[in-house]
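Colleague: only geometry, no sequence info:
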């Protein structure tokens, strides 16, 4: 994807103005706490993504990039805050410049703004996980399986997969409800035709028997087979077909409705009672009600999420993914509400089915009333039918059901009170009509039968279509779940193997047989790790905190490898390397070098020693690392550089600021002495608290280097290597003759190079001190790579060398 | 390199096409939805599954 070439940061977080050159290499930034390291990470993250991770997420309420991203002195002039990154796009093979202002994080200026360039940068912006900070590292290890699952799903961008599964499931549920409704329509249509034909079952032979009996009266040919296009009234004149009023059938319709009406008060009483009970629970438990309301609300909100702004409350989020996760967490928390929701919807559907059956009974009577001039009754029935249709829709969602509380407690059908009387009246009217002739009875019977057969067929078609749709949705959902499970199992298998490999690599001395097991179950992801082959246990069971931290980094690397594959070319590790314990740091460097040779890690650490160890291990070099020695609100991070420190001191002296020059020199000497003592194995008097004074360390370092140069000269002599003998001798001679070396004990403790009592020193007094120390320290570094010299292996050194091996003095004499 | 989502979608559609329960036309529509829409909507899926309005009543 990308590698970083350089960064220019102005007025962002704690940085005033800073230029860094990364040259697409692994890079280390060190400095004490509060020196501005994380500010650099924030700025790079902002430049790439438009977000700052530290200003989002848990515990950051009230913080925002726009308000708290700019330097604190520029909050009123936020336009001054910006980051310019020079980025190399590895796949496109081109370099681009991104400039992003804190005032418009979503509108970076990209040059060149080619479409392919913008596509790559958009992809990066969608991956906030390129930054791993110390506070995030244990989120993979010491968390509940459900939380781990969410974290890992987030980092692997599995939310889209979950969203697809959820959408397929929702579609399946909706089609299931539609199928039930369609089935109820079929039942209703079947009852109507059975009632008319006076048959107990809707078998073809029974239908034909009833129809042919009337056809015979009309001298029409009997129908031999009931096919899809069979018309029961075939052969009737259009005039005869026009009238479908069959007195006997109409009376049966009226009777059927009147009989059914007797049972209306108790219709679906069980389901209605269950709904009332569920609604009562909601009333008694406002928290449950809120959870349910929120559930419905949040579900709706999730459907409308289309960016980092919440569609429900307009709150801006770090990105869309975080917003989605937040909403999903809210849904997960309302499991009880979910069960209640399912119960309400299930009973609601059952009641709706009954309503459909009632509407089916109403339809012929409504038509009959209209045709017989009972317009008032017809209107009542039309209104009621419409009301039942509306009720059916309300019963399809929780909000609708909640609004039906009072109705469901009583006569939820709300049958018109006058219905029995109206039915009685209409029945009497029909009964008073003269009986139809046999011919007319047969004609209207067949016409009505045909109408109802068409209705039934239509209902059957719709039901069959609904069934096919539901079946397709079910198969699709099941298939998706099966594929998803297979893929996730394979993914977790791959991740756990890489994780184990990485962890073994940094703990090869004591846990060379380490293995781990990721166990995905629905909605959670268990993690167990092997503890000295005694079995699999949770990470926190027996492993130390340091080892758990190491696991966090390794799992992160395994996940990133799985996410990006060979495109994992860039990551910001903000102080996370500190979590790898000191004994395993070299192995960690080796891991990053060997397993991720093409990945540019920008690593910060507050431990200078660790920063130097990264150099010694060859992970970074002097040219690909930087140290901040301190920070002030006015200057931002103060860079400690082998090259620039002398320029800084010189500049201070040029301005007559002896205090500043002395402070910088003292600070530099303290750092260098401590570092060199470690690098070359100096042996100052041991202090348990580790608080070595410059006056103790520097002489000890000097003594040790002289000793090493002497050993190197002797060894070279024994091997007959005149070149090395001369190099070692020269270095030792310079060390001995150095003015600084001769005055080291005096100067190192002299207050002149301390922070305060400088007043009696003038510029000219101090310049020779600076020159002497510059010469002295030159004996401890390589002229070519500028790295400090170190011995290797530690403990029983065999050579004194630098990072590039331009200096490589053998310390082992030829055996005699 | 296809994303995990793309891999899953591709395998899902391939497996689905082997099934007799979902016809080619629906699979084509599903392919478009999975390819075009980052956020799959249940409503869109319902539209796919209900078409064509089948039925085999004789």
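Modeller: Sure thing, it's come through. Bear in mind the structure is a predicted one, so any value in this text is a computation, not a measurement. Numbers count the residues shown, from 1 in each chain, chains lettered A, B, ... in the order given.
Colleague: Look up how far residue A:478 lies from the most centrally placed residue in chain B.
Modeller: With distances taken as Cα atoms, centre = their mean, the residue of chain B nearest its centroid is residue B:30 (2.7 Å). Residue B:30 sits 14 Å away from residue A:478, going by Cβ to Cβ, to the nearest Å. (C-beta placed from N, C-alpha, C; glycine too.)
Colleague: buried set for stretch A:525-538?
Modeller: Neighbour counts over stretch A:525-538 (16 or more other Cβ atoms under 10 Å in any protein chain shown) mark A:525, A:526, A:527, A:528, A:529, A:530, A:531 as buried.
Colleague: pretty sure the second one is touching residue A:519, no?
Modeller: Which is residue A:526. Yes: here residue A:526 reaches residue A:519: they are 3.9 Å apart, a contact under Cβ atoms under 8 Å.
Colleague: correct me, but residue A:360 touches residue A:189?
Modeller: Yes: taking Cβ under 8 Å as the definition, residue A:360 is a contact partner of residue A:189 at 6.8 Å.
Colleague: Pick out whichever of the buried residues of stretch A:525-538 sits closest to chain B.
Modeller: The closest of the buried residues of stretch A:525-538 to chain B turns out to be residue A:525 (Cβ to the nearest Cβ; 15.0 Å).
Colleague: chain center to whichever helix or strand that closest one is part of, what's the gap?
Modeller: Assigned by DSSP states H and E, residue A:525 belongs to strand A:524-530. Strand A:524-530 sits 20 Å away from the centroid of its parent chain (Cα atoms, centre = their mean, to the nearest Å).
Colleague: and what of stretch A:777-793?
Modeller: Worked out by Cα atoms, centre = their mean, stretch A:777-793 lies 45 Å from the chain centre.
Colleague: same check, this time on stretch A:255-266
Modeller: How far stretch A:255-266 lies from its chain's middle: 56 Å, per Cα atoms, centre = their mean.
Colleague: Quick one: mean pLDDT for that stretch?
Modeller: Mean per-residue pLDDT for stretch A:255-266: 92.
Colleague: and after the helix-or-strand element of chain A with minimal mean pLDDT, which helix or strand comes next?
Modeller: Every helix and strand of chain A was ranked by mean pLDDT, DSSP states H and E. The lowest is helix A:744-749, at a mean of 55. Using DSSP H and E, the helix or strand that follows helix A:744-749 in sequence is helix A:763-778.
Colleague: What's the first helix or strand after that following helix?
Modeller: Following helix A:763-778 in sequence, per DSSP H and E, is strand A:790-792.
Colleague: for the record, mean pLDDT for stretch A:349-367?
Modeller: On average, stretch A:349-367 scores 92.
Colleague: swap that for stretch A:447-462, please
Modeller: If you average the pLDDT over stretch A:447-462, you get 93.
Colleague: now stretch A:49-68
Modeller: 74.
Colleague: Can you get me the start-to-end distance on stretch A:152-161?
Modeller: 13 Å (Cα to Cα, to the nearest Å).
Colleague: pLDDT of that stretch, averaged?
Modeller: 69.
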